[in-house]
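Asks: no sequence on hand, only this structure:
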């Protein structure tokens, strides 16, 4: 696990972002309606495909060690927006406040795991002196 765990985590992030982003190209993402209702001030016909490209780029950047910093930067810009429905659409995200999450709310809160995974992968870019982590 120690030998391959971070590498598997990095590629898992890549798969998730490429897959979820690609779904947006084909209007097949289960999150489309949530995005449309959350980012109501922008045209969803323009914003959702841009978001899809953004997510695919994040995923591809996670595939290569040389582009990890870019993946993490793009992810840091994208992730705050993923939590926006909790504020903008609480009736959609919560069955009962503050802990009863709907399926949409669970979909959003799982991003905490993505943040943790990104921190672990990012921690391998410049490990402390004397530590070598394979990614």
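Replies: Yes, it's here. Predicted model, so just to flag it, every value in this text is computed and none were measured.

Asks: from what I can see residue 35 touches residue 47, true?
Replies: Yes. Residue 35 lies in contact with residue 47 (CB atoms under 8 Å); the separation is 7.3 Å. (Each C-beta comes from the backbone N, C-alpha and C, glycine too.)

Asks: of those two, who's got more company?
Replies: Neighbour tally, residue 35 and residue 47, criterion other CB atoms under 10 Å: the higher count belongs to residue 35, 20 against 15.

Asks: what about the more buried one, which helix or strand?
Replies: helix 32-38 (DSSP states H and E).

Asks: and the longest helix seen in the chain, what does it pack against?
Replies: Secondary structure of the chain per DSSP state H: the longest helix is helix 5-25. Other elements packing on helix 5-25 under the criterion 3 or more CB pairs under 8 Å, 6 or more residues apart in numbering; DSSP states H and E are helix 44-62, helix 111-122.

Asks: now it: average pLDDT?
Replies: On average, the pLDDT along helix 5-25 is 96.

Asks: and residue 29, how many neighbours?
Replies: Neighbours around residue 29, by other CB under 10 Å: 20.

Asks: what's the pLDDT at it?
Replies: The per-residue confidence score, pLDDT, reads 93 for residue 29.

Asks: my read: it touches residue 23, true?
Replies: Yes. Assessed by CB under 8 Å, residue 29 is found in contact with residue 23 at 4.0 Å.

Asks: overlap in contacts of these two?
Replies: residue 52 (CB atoms under 8 Å, 6 or more residues apart in numbering).

Asks: what about residue 28, is that helix, strand or coil?
Replies: Using DSSP: H, G, I helix; E, B strand; the rest coil as the criterion, the local structure at residue 28 reads coil.
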